[in-house]
Every structure is written in structure tokens, then in C-alpha cells.
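> can't give you the sequence, but here's the structure:
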């Protein structure tokens, strides 16, 4: 592999001069700089990012911590973030926790992020106090996506409001027995609690009875949604409508309904949150959230923070992106039975 | 490191040797330096220690996109093995011809990773030639490129299983739908599945009709558009072989939305083993994507550790989930 020495030898100048020329430091004439650049290019010299990082104190790398990369929401946020980061000249280091508390512990508390990255993006996790202290100690920009962490930079939707929109849509259609499929999940997420709160608030405001047995944990997965759907729909007093806190769970409920020969929307109204890429194929009514855009916004905040000259030039920013109710065919007024 | 040296009253060089386990430092001194380093929460800079070791402690995963099921499962299944080997995962998303050609020109993964895993990435010939310049180990997942270590399935066999299943059910007018990346690239999975469609039909005495080979640009609705085109053909097919399950799912959804019953009026089979195929009752050729991801990670780890590797071909199997049936008469 071509090194800086090869470039220096070719031009018969010192490696120090080559280094200064390539890093744009003063003390090198423009003519020499041009010759060094041309020769470096000709010999196929690629600056070592590690070495360049040591000199400038930067790694040009951003860590993205994601609970489950196989879930559509997380994969799409990472996709959006990667697009913006790579345009800005930063690499993305992915820490996929796969729901493992041990993996989470290692990322946040094992000194794993120290000196490896210039900034950290954390997806959908509610950080503990210990984790926040660790992140603060990094002294680098940290952005949370899909979580409400007061005092820190966040990019998210208003989860309470999204859940209220979904629940109120069902109430507005005349439903009174409305079930909720959500769940705490395996890690501490923000969204499940906020969405559950939005559901409960809406019922209370409408003067509807809150029946805790109609709240079922779907684990935010397709399989979990299917199981939750079976549990709710085999009850003799089954609900006339179900609000699932994610489209993947809603699609799971869809499957359970189909197994039980229940028609949607005639026998069951169903609404989700996300606007998953397959929601359209299921004709699923959903509260759409801008997913790619959340990743992009987070990455833009990272770049802004890293470009800010010196301490104090950048302040944490809380961005809340809007959600929209997409009325498709899975919701209708309840059947008069 | 200077802080550690000062606190332990030794030279910086000694600290460096002790923390990197290089000989020439007594066990007592080594222990003392470690203790001091721990007290000062000194963490060895991976960049710095990598430069001295010639290793980065990272594996670069290169994918065309992240938000498709196939790639996210690949990445997710690589993660635990890489983590266990203390390797961090860099992700490069290289979508479309322009980004890919820039990636191959600038080779950003070079010097940043000890190994690169190219994950089902279509490439042009001149891009393939540049892989040698990476200067790192190259592993190919979900396909093969030249003689680089790889894990894949036999795509010819996957295509044959799907098309033969349709032929055996009695279909004669069998279409195929696929998506294009960009011109000038060849991705063996695509080439081989199309070849399987042609050869299996020819082998069964059926002339492959070019009009029934439909290509759409990649996006979530590609399968729906392809199906719309097939249904508009003067003599529409009675069966469709889709390159992927995502295409098959969208194609079926479109067919049903215009009143075409699946499988009564039209049979559809995909490839992948996508979890939604179970939910929706879509017949598929399962290619164990998670298994391929795990093997790819293992190949990368072994190469980095200097261990011998063998390329692996994973078996495929047809899973009949009900979207295929004999043609209506």
C-alpha cells in the first residue's frame, strides 16, 4: 500500500512536508502542495483516517446505538442517518444491542465509546442515570432519537399525541371497547409508556371505562402482535377496535383476526402507528411518522455540533416532527350487533 | 498516557509497553501501571493502538440499503459474532451506481477496517477489479465475487425449485418479476435466478416468453407495478415467480386489490423466507438469511485471526404456504 514515505521519496522532499501539504497546514508553498497532491493521487495514496484522527483529535466516526436493527423503524432511522453522515464525511459505527441488557451495558459502561467516536446517536432507549453520566463524561455531542430526555438533544415525534390521534379516531367512529396492544419491550423504551399514556388519556377524556385487561403486551414485534391479537379476539367480550402502538404489531393483529375469520373493518377496526412500508398493502389505517427524516435530522444535528467552533457554540436542540393520521380501510364504525 | 506515566513515575514508553502486553516490563511494574491506568480511567485509544498493531478492530459491512428486510437481518445476525470477537461494526450504505462507483473509487473502508463484508452488493467488472486495492480481507455475503471467501445459496437451485414447483402444478404460462439496480452491474443472484426461470421452462418443453420477464426499479411498490404490467398482457400468466418475497407480497396485494384471486386465479412464489410470508401465506424458497449473516461474520473473524476459511453454500428449501395451486381451467 502506498504510504506517505513513497510520496516523499518520489518528490525527493521530507515526509514532514508531504504531511503538512496533505493536511493543509501552513509552511508549504502552493506549488509544492499541488505537486504533493498530484503525486499522492497518482500513486494511489489514501490518507490513513486513524493517523489523521490522531493529529486532529477526531475519529470522523459517529456511533449509532440501536436496540434491534431488524425492526423496520430502526433500520430506516439508521438508513437516514447514514445518508447524511456519509455526505458529511463521517463513518457510522453501528452498535446493535439485539435486546441484550449485557450488550447495552457494554456499550454504555465499558468505555467502548471513549476515543472511538466523535459523537453518539442513541435510538429509542430511555437512558438510565448511570448511562447519562457516562454519556456526559464522553464530552461529545449525543443525540437521542425517539426518546424524550430533558436537557439533551432529541429528535422524536410526540408519542402521547400520536397515540391520542389513533385512539380518538376510533372513539370518533363510535367505538367504546377499544383495546391497546403495546408493551414495555425488553429494554427501557420511551415510546411504549408515552403511547400507553396517550391511549389512557383519550379514553378518560371521552368518559370511557378503562379496562386494564384490554391492554396487552405485543412486544413491538409481528409475532407479539399476533399473540396479543389472539388473546384479545378470542375473548367472549372481545373489543370492537384495537389500537396497536406499532404497525408491525397491528399487522400481527391482522393475522390473528384472519385466523379467527373476523373481517376488518366490519368485525374489528384496527389502527397502528408508523406507516410501515407494508401498511399500504394491508390497507392499514395508521398514524404516520417521518422515520427516515428522524435519522436525517439526528445526523444533521451531529454534523452541526461537530462543526461548531469551540465549546458553547452549539446547544442541545429538541426537535419534534409531526405525525399524520392516514385513514385507510382498516377502521370503520362498529357493527350494530 | 502521559498522565499515567507521571502518576506511575515511569516513562511513557514503559506505560505503552505495559498496556499493550509487550515484553520488557516486569510483572510488578505492569500491574502497578494497570492499576494506575484504571484509577485514571485511561482507555487505550483504539486508533492509536491499532496503528501500532496494524489493526483497527473493526469490520466494515457494505450494503446497498439498510431498510430492506434482507440486509437488516444480515447485519443483525453478524452483530453478536463480531461483538464476541471484540470487533466493532462500521456500516457503509452504498445505494445505486453513483454511490457505489464513488465508494469503489475512494475506498473509504480501506485502513478503517480489518475486513470488509460485501453484502449482496451488485458490482460492475471494473469495481470488482478494484477490490484488491482495499488492502483488507474481503468476505462476500449472499453471493460471490471472484474467489473471495463467501457464503451464499445456490441461486440457480433456488430459482429451479420455485419454477419447477409451478410447472409441476401444471402451469405453462409462467412469468418472472425482478428489480433492476443499475445498468452495467451483474449480481449473480439475479443472473442465476433469471437463468433458472429460462432453463427450467425450456427443460419442461415450455418456451420462455420475454414479455413475461418484467423488470421494475427497486422500491416498496415495485412488485405491485410489475403485477399491474403482467395483468395487462393480452394473455396474462397463470403463475409468477418473484425474485424476492417482498416483490411477491406486493404483487399479491396488487392482484387481490384488482379482484384476481391468489392462488385460485394466479399462483405466486417468492424467494427469501421473509417472516411476512408465513403471516400472509406466501409460498417461498427459504434461503436462511440469518444463517448466511452468521457465517459471513465468522468468515471475517477467522480471516482476521489468520485462520483458514472455506466458502459455504447454504441449502435452500421450498416452503409451500398456500399462494400456489394448480391453474384454473
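Happy to help now that I have it. Small disclaimer: the values here were computed from a predicted structure and weren't measured. Residues are numbered from 1 along each chain as shown, chains lettered A, B, ... in the order given.
> how about the strands in the stretch 201-337 of chain A?
Under the criterion DSSP state E, counting those that start in this stretch, the stretch 201-337 of chain A contains strands at A:215-217, A:241-244, A:269-274, A:285-288, A:318-321, A:324-326.
> Quick one: list the elements packing against the fifth one.
If contacts are counted by 3 or more C-beta pairs under 8 Å, 6 or more residues apart in numbering or on different chains; DSSP states H and E, strand A:318-321 sits against strand A:153-157, helix A:291-307. Where you see a C-beta, it was placed from the backbone N, CA and C, and this is true even at glycine.
> The fourth one too?
Under the contact criterion of 3+ C-beta pairs under 8 Å, 6+ apart, strand A:285-288 touches helix A:159-172, strand A:269-274, strand A:324-326.
> How about the residues of the stretch 201-329 of chain B by chain A?
Within reach of chain A by C-beta under 8 Å from any C-beta of the partner chain, the stretch 201-329 of chain B has these residues: B:220-221, B:249-250, B:253, B:275-276, B:279-280.
> ok, 7 Å please
B:220, B:249-250, B:253, B:275-276, B:279 (C-beta under 7 Å from any C-beta of the partner chain).
> Pick the one among those closest to residue B:212.
residue B:250 (17.7 Å; C-beta to C-beta).
> could you say which helix or strand contains the closest one?
According to DSSP states H and E, residue B:250 maps onto helix B:245-257.
> chain center to that helix: distance?
Distance, stretch centre to chain centre, for helix B:245-257: 23 Å (C-alpha atoms, centre = their mean, to the nearest Å).
> So for that helix, mean pLDDT?
Per-residue pLDDT values over helix B:245-257 give a mean of 92.
> likewise stretch A:100-110?
The model assigns stretch A:100-110 a mean pLDDT of 81.
> for stretch B:139-154, same thing?
So the average pLDDT for stretch B:139-154 ends up being 92.
> got a markdown table for the helices and strands packed on strand A:318-321, with distance to chain B too?
What follows is the helices and strands packed on strand A:318-321, written out as a markdown table (distance: least, C-beta to the nearest C-beta, whole Å):
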| stretch | distance to chain B |
| --- | --- |
| strand A:153-157 | 17 |
| helix A:291-307 | 8 |
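> Report the beta-bridge partner residues of residue B:217.
Beta-bridge partners for residue B:217, by DSSP bridges, are residue B:180.
> For the residue nearest to residue A:264 when sequence neighbours are not counted, grab the count of nearby residues.
Counting by C-beta to C-beta, 6 or more residues apart in numbering or on different chains, residue A:264 lies nearest to residue A:330, which is 5.2 Å off, once chain neighbours are set aside. Residues lying near residue A:330 (other C-beta atoms under 10 Å in any protein chain shown) number 24.
> Dihedrals phi and psi, residue A:330?
Note on residue A:330: its backbone torsions stand at phi -90, psi 0 [degrees, to the nearest 10].
> SS state for residue A:62?
What DSSP: H, G, I helix; E, B strand; the rest coil gives for residue A:62 is strand.
> Please tell me how far it sits from residue B:225.
Going from residue A:62 to residue B:225 by C-beta to C-beta, to the nearest Å gives 36 Å.
> Burial check on residue B:271, number of neighbours?
Counted with other C-beta under 10 Å, residue B:271 comes out at 27.
> How about it: what's its closest non-neighbour residue?
Nearest one to residue B:271, counting by C-beta to C-beta, 6+ apart, is residue B:285 at 4.6 Å.
> Residue B:318 is in contact with the one you found, correct?
Yes. Counting by C-beta atoms under 7 Å, residue B:285 touches residue B:318, with 5.4 Å between them.
> Between the two, which has more neighbouring residues?
Neighbours per residue (other C-beta under 10 Å) separate residue B:285 from residue B:318, with residue B:285 holding more: 25 against 18.
> which SSE is that one in?
Using DSSP H and E, the element containing residue B:285 is strand B:283-286.
> strand partners of that strand, parallel vs antiparallel please.
Using DSSP bridges, the strands paired with strand B:283-286 are strand B:267-272 (parallel), strand B:317-319 (antiparallel).
> Mean pLDDT and distance to residue A:259 for those - can I get that in CSV?
Formatted as CSV, these follow (pLDDT from 0 to 100; distance: least, C-beta to C-beta, whole Å):
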stretch, mean pLDDT, distance to residue A:259
strand B:267-272, 97, 21
strand B:317-319, 97, 18
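> just those: most buried one?
Highest mean neighbour count of the strands paired with strand B:283-286: strand B:267-272, a mean of 27 (counted as mean count of other C-beta atoms under 10 Å in any protein chain shown).
> Now do the same for the nearest residue to residue B:146 once chain neighbours are set aside: its pLDDT.
Excluding its sequence neighbours, the residue lying closest to residue B:146 (C-beta to C-beta, 6+ apart) is residue B:128, at 6.3 Å. Residue B:128 is assigned a predicted lDDT (pLDDT) of 82.
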